[in-house]
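Asks: Structure for this input, please:
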Amino acid sequence: MSAAPAYSEDKGGSAGPGEPEYGHDPASGGIFSSDYKRHDDLKEMLDTNKDSLKLEAMKRIVAMIARGKNASDLFPAVVKNVACKNIEDPNQLIRASALRVLSSIRVPIIVPIMMLAIKEAASDMSPYVRKTAAHAIPKLYSLDSDQKDQLIEVIEKLLADKTTLVAGSVVMAFEEVCPERIDLIHKNYRKLCNLLIDVEEWGQVVIISMLTRYARTQFLSPTQNESLLEENPEKAFYGSEEDEAKGPGSEAAASSALPARKPYVMDPDHRLLLRNTKPLLQSRSAAVVMAVAQLYFHLAPKAEVGVIAKALVRLLRSHSEVQYVVLQNVATMSIKRRGMFEPYLKSFYIRSTDPTQIKILKLEVLTNLANETNIPTVLREFQTYIRSMDKDFVAATIQAIGRCATNIGRVRDTCLNGLVQLLSNRDELVVAESVVVIKKLLQMQPAQHGEIIKHLAKLTDNIQVPMARASILWLIGEYCEHVPRIAPDVLRKMAKSFTAEEDIVKLQVINLAAKLYLTNSKQTKLLTQYVLSLAKYDQNYDIRDRARFTRQLIVPSEQGGALSRHAKKLFLAPKPAPVLESSFKDRDHFQLGSLSHLLNAKATGYQELPDWPEEAPDPSVRNVEVPEWTKCSNREKRKEKEKPFYSDSEGESGPTESADSDPESESESDSKSSSESGSGESSSESDNKDQDEDGEKGRSSESEHSEEEGKKRKMKKRKKVPEGQEGGSSSDEGSDSSSSSSESEMTSETEEEQVEPASWRKKTPPSSKSAPAAKEISLLDLEDFTPPSVQPVSPPMAVSTSLAADLEGLTLTDSPLVPSLLSPVLGVGRQELLHRVAGEGLAVDYTFSRQPFSGDPHMVSVHIHFSNSSDTPIKGLHVGAPKLPAGISIQEFPEIESLAPGESATAVMGINFCDSTQAANFQLCTQTRQFYVSIQPPVGELMAPVFMSENEFKKEQGKLMGMNEITEKLTLPDTCRSDHVVVQKVTATANLGRVPCGTSDEYRFAGRTLTSGSLVLLTLDAQPAGAAQLTVNSEKMVIGTMLVKDVVQALTQ
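Replies: Numbering: from 1, shown residues only. This is a model prediction of the structure:
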């Protein structure tokens, strides 16, 4: 092999006596040696920039595998080399295919590589690659759910994408990973509604389903106060002419007077969703039509739901599978909204070629639609269906006739007579089903139908179906007073065949005997005793128990039980008539179109449809605020900047141009599209034009007013900047104005987030004199701020040393993995809870203080640091009602009444994590906003230090052996072999107390978990050469395993 000498020359030496020689055959064995260093050199060869060395390493690895050697530790390095080159390929199809293959490898060890690849692809210039990144997110989440927080950041970035190609895929990832994070949808709601018409069909179904659940949490129910619903909701959306004539000063008075006059006014965003989904009812995809139909059924006012009926009836011409799903949903809809489908009654008539399940569903719909007007037509149809050869269908038709007779009293006698005629049918199944239905109908008016009961009694000789025989016996026993002569004779016949009857029939024979004994004991006393004696020795214990119970109840004994005197009331009490209801009556609590609705059972992954809120949440959360630095004072420049967005969105123009356009132009286009689509729905075209023109004037005046305010606010900010920086800021501003206006808003936010931690570490307390310098980087002055050239620090990830070394050469991200792990602070250090951009000027960090929490010793003490970087005071800071996992509880901090601009405050709250690293999710609330935040503790913060002697430590350690002991071998680097460094790194990772030890090369630490008080004992046995062994003893095996992982990671970095 020619590559081997090149490798030796590259290393600066030739093969010596201690090094292996290379053979000509890669699998000949000459390349293998007992010298393990050559095996380790494979990683170095794979990390070089020379393709020849990489190819040589690949050949050797293949040869090792062919000889049965274990090469699993080289897998990440191989994947990195295979994926890295393709992920950076200039062809977008190859980049996407590489990411798709990488995300399909279900091996946990390459999770960090997958995460880096997804982050890189999420910022790719090609929408197709970003779409593939969105598809890879659920795959990575199913492989390692611990990556959820980082995946949510990627989802948030992709949700801001303006291309239709990405929208459906990222919403699907959102539904799979974090459907509860509804705060991510607020800013993107209107954009998703406007893009919906151009998204591919699969994406339309996903987005509509998500927006249905979103709307149920953010808007009021349109069905409340239906009679007071305003006639033209579009009028409220665009604003009335009277309000515009009065001017902006009267808006507050008009809004306060409106609820008294109109209790319900549809939210404009609610109307936007209904209007933008309505055209999709004409989609060629049945799934899209079904998705829109369920959205209208769950969200639209009653007067507007009818538009979906015609579209659903059109789907009945599709394949039988589509018909089955559509009819399932129509059957549910027709129970509550019967009038919606009545004009299309004939569309549900049954064809002879329909499969049985389709026939039964159409029968269900016809029964639901039957009323006093169309019942003659429906019954004529049913009369035809009874002659069908499909017996299951005939039985369902007879049950449908019974339901019609129950619901419509006018045709009850007609249906009953028709069913009686069916008793002479040759088919026994038809007769049996008729008997069961007749029994239910007779319970409504038993006195008027004595002849029918007599007719049924005669059928006991012919009908052999157990359910039918039992129904006849129950009828005769219940209404034995109407047939006093026939009932005893029926009992006589049944006594003769008692032993051969089915169990359900035997039970009714015992009931019949008991009732006749109580009403006609002279004729039936001996028969009753005979039947009870037969039942006493029956093989079925239910029948034996029923016989003993009945005998004691009806036959008076010497003791004279108290129940015997009330036997007649017990057996012959009047019973309510049964209500024949549809089997689809209770299915509407499942979301229509879902698998759970189809199965009538909650399927895995089903998300409940939320109830309507009693009070409307704040609609301002959906307002997309345009940052000051993206506004352009010259409108002509803005128009020029809008052109690249539309031309570049089709292909690979720039890193984020197609994904992120100017938010202001987006809002303008939204308003224009909404006014255009709204004009088609108004009854009078001229009125609507006037209304739209007035609305445009109002909006333009508002935008100019907001721009003037923005300029004033910006001038105030400029005065606060030191004079020495004015030149730099002006030059930055000039360069910024010349750049393209379609820069990503999300990109600027992520740059802020990456640069922010460095400024936190350098920031002095607010009381110091240098506090104004820290305020230079404000929310409105980001255009004046040039990010430093140093690489930003990424959030810490749990990566082993060897894997981190493998990933150093991977160019999938701008941030290395290792530097974030090299500088441990006391505890975890300050972490971001709410970024100031997301918090609209409110920045929140938190630290684990490792001090006992005064309210509850079982809680972790968390210091929350608030900082107001906005221009207005923030009032009423408090914790909202948290939705916590089982066992986790929160002690809230006292409400902060007001936080002035530029001020900071610190509050202490306690969290009982219940000895787990599950995140505590809660809401930070102000008077106007709610922010969803979460705190996830490192395992080392779940314990408190315990101080004990060496003998006590050994004694407790002896009790925690076997499965309670976790051991890991590691090699300490040269920088981590002194006592001070080892103790500092261990105590920084875990809140443990050091235990005195007699030997210098052994370190011992002890602590207890805060919630359960379980002991955690840590021992580090260090050898002079750097080899060491870490042992953790604890009852909590999960905590012990995670602690070993964290401590090893801290010591080896």
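
Asks: got the contact list for the nearest residue to residue 280 once chain neighbours are set aside?
Replies: Leaving aside its sequence neighbours, residue 280 sits nearest to residue 292 (Cβ to Cβ, 6 or more residues apart in numbering; 4.8 Å). Heads up, the C-betas are built off the backbone N, CA and C, glycines and all. Contacts for residue 292 were tallied using Cβ atoms under 8 Å, 6 or more residues apart in numbering; they are 208, 277-278, 280-281, 283, 308, 311.

Asks: would you list these in JSON lines and tack on secondary structure and distance to residue 380?
Replies: Below are these laid out as JSON lines (DSSP: H, G, I helix; E, B strand; the rest coil; distance: Cβ to Cβ, whole Å):
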{"residue": "208", "secondary structure": "helix", "distance to residue 380": "40"}
{"residue": "277", "secondary structure": "helix", "distance to residue 380": "39"}
{"residue": "278", "secondary structure": "helix", "distance to residue 380": "37"}
{"residue": "280", "secondary structure": "helix", "distance to residue 380": "38"}
{"residue": "281", "secondary structure": "helix", "distance to residue 380": "32"}
{"residue": "283", "secondary structure": "coil", "distance to residue 380": "36"}
{"residue": "308", "secondary structure": "helix", "distance to residue 380": "29"}
{"residue": "311", "secondary structure": "helix", "distance to residue 380": "29"}
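
Asks: Apart from its chain neighbours, what residue comes closest to the spatially most central residue of the chain?
Replies: With distances taken as Cα atoms, centre = their mean, residue 179 lies nearest the centre of the chain, 2.9 Å away. Once flanking residues are discounted, residue 179 sits nearest to residue 607: 5.9 Å by Cβ to Cβ, 6+ apart.

Asks: Could you pull up phi and psi at residue 304?
Replies: Main-chain dihedrals, residue 304, degrees, to the nearest 10: phi -110, psi -10.

Asks: and the gap between it and residue 310?
Replies: Per Cβ to Cβ, to the nearest Å, residue 304 is found 13 Å from residue 310.

Asks: now do residue 895
Replies: According to Cβ to Cβ, residue 895 and residue 310 sit 54 Å apart.

Asks: More neighbours: those two, which one.
Replies: Neighbour totals were compared for residue 895 and residue 310, and residue 310 leads with 15 against 12 (other Cβ atoms under 10 Å).

Asks: who does the one helix or strand the more buried one maps to touch, helix- and strand-wise?
Replies: Element membership of residue 310, judged by DSSP states H and E, is helix 307-315. Counting contacts by 3 or more Cβ pairs under 8 Å, 6 or more residues apart in numbering; DSSP states H and E, helix 307-315 is packed against helix 286-299, helix 320-336.

Asks: Centre of the chain to that helix, how far?
Replies: Counting by Cα atoms, centre = their mean, to the nearest Å, helix 307-315 is centred 29 Å from the centre of its parent chain.

Asks: that older thread, mind checking the SS state of the residue nearest to the centre of the chain?
Replies: Following DSSP: H, G, I helix; E, B strand; the rest coil, residue 179 is assigned to coil.

Asks: got the contact list for it?
Replies: 210, 213, 607.

Asks: taking these one by one, which sit in helices?
Replies: 210, 213 (DSSP state H).

Asks: Kindly give a single ChimeraX line that selects the buried subset of the contacts of residue 179.
Replies: Burial among the contacts of residue 179 is assessed by 16 or more other Cβ atoms under 10 Å; the matching ChimeraX selection reads:
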select :210,213
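
Asks: Any chance of the contacts of residue 179 in a markdown table with distance to residue 355 and pLDDT as columns?
Replies: Compiled in a markdown table, the contacts of residue 179 are given as follows (distance: Cβ to Cβ, whole Å; pLDDT from 0 to 100):
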| residue | distance to residue 355 | pLDDT |
| --- | --- | --- |
| 210 | 33 | 93 |
| 213 | 33 | 91 |
| 607 | 31 | 82 |
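
Asks: Just give me the closest of the contacts of residue 179 to residue 398.
Replies: Nearest to residue 398, judged by Cβ to Cβ, of the contacts of residue 179 is residue 607 at 39.1 Å.

Asks: Is it correct that the closest one is in contact with residue 212?
Replies: No - applying Cβ atoms under 8 Å, one finds residue 607 not in contact with residue 212, separated by 10.4 Å.

Asks: part of a helix, is residue 914?
Replies: No - according to three-state DSSP, residue 914 belongs to no helix; its state is coil.

Asks: Hmm, residue 884 and it touching each other?
Replies: No - at 9.6 Å, residue 914 and residue 884 do not qualify as touching, with contact defined as Cβ under 8 Å.

Asks: contacting residues for residue 417?
Replies: Residue 417 neighbours (Cβ under 8 Å, 6+ apart): none.

Asks: Also residue 87?
Replies: Contacts of residue 87 by Cβ under 8 Å, 6+ apart are 95, 98-99, 102, 117, 120-121, 812.

Asks: swap in residue 514?
Replies: Contacts of residue 514 by Cβ under 8 Å, 6+ apart are 528, 550, 553-554, 567, 571.

Asks: Same check on residue 312?
Replies: Residues counted as contacts of residue 312 (Cβ under 8 Å, 6+ apart) are 289-290, 293, 326, 329-330.

Asks: Of these, which is the most crowded?
Replies: Counting neighbours by other Cβ under 10 Å, the top entry in the contacts of residue 312 is residue 330, with 30 neighbours.

Asks: thinking again about what came up before, can you put the helices and strands packed on helix 307-315 in CSV and add mean pLDDT and distance to residue 55?
Replies: Below are these laid out as CSV (pLDDT from 0 to 100; distance: least, Cβ to Cβ, whole Å):
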stretch, mean pLDDT, distance to residue 55
helix 286-299, 93, 48
helix 320-336, 90, 52
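
Asks: okay, those in TSV with distance to residue 394 next?
Replies: What follows is the helices and strands packed on helix 307-315, written out as TSV (distance: least, Cβ to Cβ, whole Å):
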stretch	distance to residue 394
helix 286-299	30
helix 320-336	19
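
Asks: ranking those by burial, who's on top?
Replies: Highest mean neighbour count of these: helix 286-299, a mean of 23 (counted as mean count of other Cβ atoms under 10 Å).

Asks: now that helix against helix 320-336, angle please.
Replies: 10 degrees (axes from the mean of the first three to the mean of the last three Cα atoms, to 10 degrees).

Asks: Now do the same contact list for the residue nearest to residue 189 when sequence neighbours are not counted.
Replies: Leaving aside its sequence neighbours, residue 189 sits nearest to residue 622 (Cβ to Cβ, 6+ apart; 4.9 Å). Applying Cβ under 8 Å, 6+ apart, one finds that residue 622 lies in contact with 186-187, 189-190, 269.

Asks: that older thread, let me see the contact set for the residue nearest to residue 179.
Replies: Contacts of residue 607 by Cβ under 8 Å, 6+ apart are 175, 179, 213, 591.

Asks: I would like the residues contacting stretch 356-366, please.
Replies: Here stretch 356-366 has contacts from 320, 323-324, 327-328, 330-331, 334, 341, 345, 348-350, 354, 378, 381, 385, 390, 392-393, 396-397, 400, 582-584, using Cβ under 8 Å, 6+ apart.

Asks: One more: stretch 1029-1045?
Replies: Contacts for stretch 1029-1045 (Cβ under 8 Å, 6+ apart): 798, 915-917, 939-940, 942-943, 956-957, 960-961, 963-970, 989-990, 1009, 1012, 1014-1021, 1047-1048, 1051.

Asks: Thank you, goodbye.
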